[in-house]
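*Asks:* Here's my sequence, what's the structure:
(chains A and B, ligands or ions: 1)
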Amino acid sequence: MSTTVAEKERREISPEKLDEVVIRFAGDSGDGMQLTGSQFTNTSAMFGNDLSTLPDFPAEIRAPAGTLPGVSAFQVRIADYDIHTQGDAPDVLVAMNPAALKKELKDLKTNGIIIVNTDEFNARNFAKAGYASNPLEDHSLDKYRVFQAAVTTMTRRTLEGSGLESKSVERCKNMFALGMCYWLFSRPMENTITFLQRQFAKKPLLAEANIKVLKAGWNFCDITELFHDRYEIPAATLEPGLYRNITGNTALALGLIAASRRSGLPLFLGAYPITPASEVLHELSHFKNFGVTTFQAEDEIAAVCAAIGASFGGALGITASSGPGIALKSEAMNLAVMTELPLIVCDIQRGGPSTGLPTKTEQADLLQVMFGRNSDSPMPIVAAASPKDCFDIALEAVRIATKYMTPVTLLSDGYIANGSEPWKLPEVENLPDLRFEFRTDPVGFEAYARDPETLARPWAIPGTPGLEHRIGGLEKEDVTGNVSYDPANHEKMVHLRAEKVARIANDIPELEVHGDAEGELLVLGWGSTSGAINGAVTDARKQGLPVSRAHLRHLNPFPKNLGDVLARFRHVLIPEMNLGQLAMLVRARYLKDIITLSKVQGQPFARHEILNKIQQILESNAHAN
Amino acid sequence: MPTETTLPTLTKKDFQTDQEVRWCPGCGDYAILSAVQQVFPELGIPREKFVVVSGIGCSSRFPYYMNTFGFHSIHGRAPAVATGLKLSRPELEVWIATGDGDAMSIGGNHLIHTLRRNVGVKILMFNNRIYGLTKGQYSPTSELGKKTKSTPAGSVDYPFNPLSLALGAGATFVARSVDIFQAHLRDTLRRAAAHKGTAFVEIYQNCNIFNDKAFTYMTDKEAKDDNVLYLEHGKPLVYGKNKDKGIRMRGTEMEVVQLGDGVGPDDCVVWDESLDNPATAFLAAQLLPPHFPTALGVFRQVTQPAYEERVVEQMQQETGRLGLGKLDALLKAGDTWTVGGTRH
Ligand code: SF4
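*Replies:* Next up is the predicted model:
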């Protein structure tokens, strides 16, 4: 087969250097686009590019083949510099069928590259995708560069006589497309070959078939004159160190394990499967040899209650879910507030309300986790800024939970949970020291006596002689922890619980402003908008615009200096994937007017969307002057 | 982990707290508390190893009156809290105090899944067939037609049979006793304590305020003998003041027979609590007044590894297979690459 193509037949095209490229792989959900995209990503990461990814898949496991709802896409941005987002508009669209072309085309840059699998471009599929005519022939794609390849046919030919059944042969076609992209962007194939050998270790026939097809895709480009140009994206200048590519959910799981190790507390996860949080359960279930217990509970409530029970027993109790699940957990979260036990509640946010958009991203649970419990129920909130930040934020959540004896909500979202970026691996000894001592001394023990500085009560676990005591959801008497209905005591306890959480502000980094320390406009963000804001503000400053940015990782309590920072700027813009939740909190707390840029399309912000808003604000500002 | 003290001889007093007990005078809960406080010191377990977990309801105030570790959690969730606790600390002795509303209604899901998993906890379900703490609404075990605050014209839904439900969920230990049958209750608690895996004990409990005399048909001195059938392993099912009645199989059903006239104890069902098949236990659980006596005792006791044992075993196996996890290696797993600091 074509791997035997003689060297002399190969075309010599010296690749054109690009500083970045955004590629979107799109096809039917059964076409293996997520795998194709992640392989391209990993190869680029190993090559040394900086990158950022955005998987986008349907909520249905298998929507009808060939239809728009069935389209699954994976976008990756690779660059030779430090990037922050998955990229706004793709330069390249790989469309495995007409539906993929129809659904994803709108985002493609003018003059962008389209690679299509012509085998799927037939009348039946046009009808399913809602095309009246063949888009490859009706000039509707004239402003793009279209490259056609009969991917399915060539895959079949490559595997003729392989002994595989036709269904398995079909499934290899994504490797043909990947091989083409590897050629086009001058990527080595070894990484994927190793992956396939490992993935199909028990099915060598399949491994061999996939590798053959991958190489066939590469050779097809090499030998035909399909592409006239070839590209190369040199390695990025990243900080020296050892790197791996990581998704947010994996980073979160690793962060939790690291926190368990650094605190000496065994990790207990109670969870109920829910998109997009299930990977946290999947990941952690592999690490029993780290003393990790994963409990797949009967429902969301049992998941959090079991975590609370484990915390009571002296474990690091964790639960992970998404908005609908958090709603079910709220009564139990309040039990942890009342019993003042450490608990980590991970909310991997998705589009809502109700079931909403399970596979799409949103950051609209902020007010839910802030206020969504009965009565005055203060609970610290931290939020991850990017996939790799999920690791650090997990350690920070555990630090707060154990030091202050409190449940903590950790916010992530579908975008960073499934998205990935290169992560410089930390040295274990540089991770925060979270060592913790349980109360053991029975002399003078009171269940609700408090540390004068942190106001934390003692963690006194069952099995400790002389510390027998009862806790529960009823109001506690100050110091003793006995049940108390005394009005004055209740008021005191409400204040104490609030004060304890408020004091955490003394123990978290101050808000850092990037750009000028004061001026016309501050763009304030939280959570996964970090990358887009960073990109937009960087672009704006290159244009000479007077704009600065700051990012909140702690949402409750806020950093101590937030009020001062806000006061130093004339305008404050908060881009949020909700209708202005952080804006509401900030306005209420600091009486500062906030401009909200909201986007609730189940998709992260594009850099230019924020840049446009910055320009607009500063322009009208100039007019006003 | 805390160090153990040498075990002093404990008495009932050691398990009493300084908290004023706040159940209504005459409530059946007092009798249950007393029985538990008598049985715990006999078990040879240090006091600090006991944890009593509860949900919400009159019964769920139980932990406050036990001088052990205790957790008064939220409505219906005690089995979930207890499961997390038992998984993280399998060596603890975890007991749950719950009621018919807490366990059968709002917490029904956690109950059946705890039984299914066979978590090593003891569940004492105080069944008074009424909501007491919320002042008298019918419960999932109230009899059909029950007139209460929320059903002035009588309830129109059928009650649960708690033991049938437990057996259906695969419970490995199922028993029933009565608050004021103290000796029997203590025996039943001892049996529950000795069981590995989930022990489910239904305790008929009189709520003298909202559902008084719910069980007098079988607790009254005169009525008792003819309306209670004690299940004793290996013994025929015989009852009645003069031991003149028995339970016999007819086809696939149980029937009451008058003994004598050629019918003897040998014709009655010989009770076997250890059968793998829970069908017979289910039949016994279905014996209900007015046509049958109410069965008390251990309906089922079979041995299966407890959930936490399986969890610990799997953890040990994985640690044996993979070695004790090293954080550094974990972080550096997968495809990594080195960046030298300059462009390649
Ligand atoms: S209401 Fe009934 S169950 Fe509750 S304490 Fe009073 S008598 Fe007991």
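
*Asks:* what about the strands in the stretch 301-450 of chain A?
*Replies:* Counting by DSSP state E, counting those that start in this stretch, the stretch 301-450 of chain A has strands at residues A:316-321, A:343-349, A:381-383, A:407-413, A:420-424.

*Asks:* Show me which of these has the highest average neighbour count.
*Replies:* Highest mean neighbour count among the strands of the stretch 301-450 of chain A (mean count of other Cβ atoms under 10 Å in any protein chain shown): strand A:316-321, with a mean of 32. Glycine gets a C-beta too; all of them are placed from N, C-alpha and C.

*Asks:* any idea of the angle that strand forms with strand A:343-349?
*Replies:* 20 degrees (axes from the mean of the first three to the mean of the last three Cα atoms, to 10 degrees).

*Asks:* can you list the strands of the stretch 301-450 of chain A in TSV and add mean pLDDT and distance to residue A:578?
*Replies:* Formatted as TSV, the strands of the stretch 301-450 of chain A follow (pLDDT from 0 to 100; distance: least, Cβ to Cβ, whole Å):
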stretch	mean pLDDT	distance to residue A:578
strand A:316-321	98	18
strand A:343-349	98	9
strand A:381-383	98	13
strand A:407-413	98	10
strand A:420-424	93	23
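
*Asks:* Dump the ones you listed to TSV, plus distance to residue B:182.
*Replies:* Formatted as TSV, the entries for these read as follows, by distance: least, Cβ to Cβ, whole Å:
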stretch	distance to residue B:182
strand A:316-321	38
strand A:343-349	40
strand A:381-383	52
strand A:407-413	42
strand A:420-424	64
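
*Asks:* quick one: which of the ones you listed is nearest residue B:38?
*Replies:* Residue B:38 lies closest to strand A:316-321 among the strands of the stretch 301-450 of chain A, at 33.7 Å (Cβ to Cβ).

*Asks:* how far out from the middle of the chain is that closest one?
*Replies:* 18 Å (Cα atoms, centre = their mean, to the nearest Å).

*Asks:* Pull the residues that contact that strand.
*Replies:* Contacts of strand A:316-321 with the rest of the structure, by Cβ atoms under 8 Å, 6 or more residues apart in numbering or on different chains, involve A:252, A:256, A:259-260, A:263, A:265-272, A:274, A:277, A:280-281, A:300, A:303-304, A:306-311, A:329, A:341-348, A:398, A:402, B:84, B:88.

*Asks:* With just CA atoms, put it into CSV.
*Replies:* What follows is the C-alpha trace of strand A:316-321 in CSV, where atoms were taken according to Å, rounded to 0.1, in the frame of the first residue of the first chain:
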residue,chain,number,x,y,z
LEU,A,316,-11.8,14.6,53.0
GLY,A,317,-15.5,14.6,51.9
ILE,A,318,-16.1,15.7,48.4
THR,A,319,-19.0,15.7,46.0
ALA,A,320,-19.1,16.7,42.4
SER,A,321,-22.0,17.6,40.2
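
*Asks:* same for the lengthiest helix in chain B, what does it pack against?
*Replies:* If each helix of chain B is counted by residues according to DSSP state H, the longest one is helix B:307-322. Under the contact criterion of 3 or more Cβ pairs under 8 Å, 6 or more residues apart in numbering or on different chains; DSSP states H and E, the helices and strands touching helix B:307-322 comprise helix B:78-88.

*Asks:* after the helix it packs on, next one along is what?
*Replies:* Downstream of helix B:78-88, the next assigned helix or strand under DSSP states H and E is strand B:93-99.

*Asks:* Sheet-wise, list the partners of that following strand with their directions.
*Replies:* Partners of strand B:93-99 in the sheet, by DSSP bridges, are strand B:50-54 (parallel), strand B:121-127 (parallel).

*Asks:* Is it correct that residue A:26 falls within a strand?
*Replies:* Yes. Under DSSP: H, G, I helix; E, B strand; the rest coil, residue A:26 falls within a strand.

*Asks:* How much space separates it from chain B?
*Replies:* As judged by Cβ to the nearest Cβ, to the nearest Å, residue A:26 and chain B stand 25 Å apart.

*Asks:* so what's that residue closest to, chain neighbours aside?
*Replies:* Of all residues not flanking residue A:26 in the chain, residue A:100 sits nearest, at 3.7 Å (Cβ to Cβ, 6 or more residues apart in numbering or on different chains).

*Asks:* Give me the domain ranges for the chain.
*Replies:* No chain in the question, so chain A it is. A:5-232, A:240-507, A:513-624 (automatic domain parsing).

*Asks:* try again with chain B
*Replies:* Looking at automatic domain parsing, the domains of chain B come to B:12-234+B:272-307, B:236-270.

*Asks:* which one of those is the most hemmed in?
*Replies:* Among the domains of chain B, domain B:12-234+B:272-307 has the highest mean neighbour count (mean count of other Cβ under 10 Å), at a mean of 21.

*Asks:* tell me the mean pLDDT for that one?
*Replies:* Averaged across domain B:12-234+B:272-307, the pLDDT comes to 97.

*Asks:* Which ones among the contacts of strand A:316-321 lie within helices?
*Replies:* Reading helices off the contacts of strand A:316-321 with DSSP H, I get A:252, A:256, A:259-260, A:263, A:280-281, A:300, A:303-304, A:306-311, A:329, A:398, A:402, B:84, B:88.

*Asks:* Quick check, central residue of chain A?
*Replies:* Chain A has residue A:416 as the residue nearest its centroid, 1.1 Å off, counting by Cα atoms, centre = their mean.

*Asks:* got a list of what that residue touches?
*Replies:* A:248, A:384-387, A:389-390, A:527-528.

*Asks:* Please enumerate the helices of the stretch 151-300 of chain B.
*Replies:* Applying DSSP state H, counting those that start in this stretch to the stretch 151-300 of chain B gives helices spanning B:162-168, B:182-194, B:216-219, B:221-227, B:279-285.

*Asks:* I'd like the ones you listed as TSV, with distance to the ligand appended.
*Replies:* Listed next are those as TSV, based on distance: least, Cβ to the nearest ligand atom, whole Å:
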stretch	distance to the ligand
helix B:162-168	16
helix B:182-194	16
helix B:216-219	15
helix B:221-227	21
helix B:279-285	23
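
*Asks:* of those helices, which approaches chain A most closely?
*Replies:* helix B:162-168 (15.0 Å; Cβ to the nearest Cβ).

*Asks:* residues contacting the residue in the stretch 151-300 of chain B that the ligand sits nearest to?
*Replies:* Here the stretch 151-300 of chain B gets closest to the ligand at one residue, residue B:207, 3.2 Å apart by Cβ to the nearest ligand atom. Shown in contact with residue B:207 (Cβ under 8 Å, 6+ apart): B:27-28, B:58, B:128-130, B:132, B:214.
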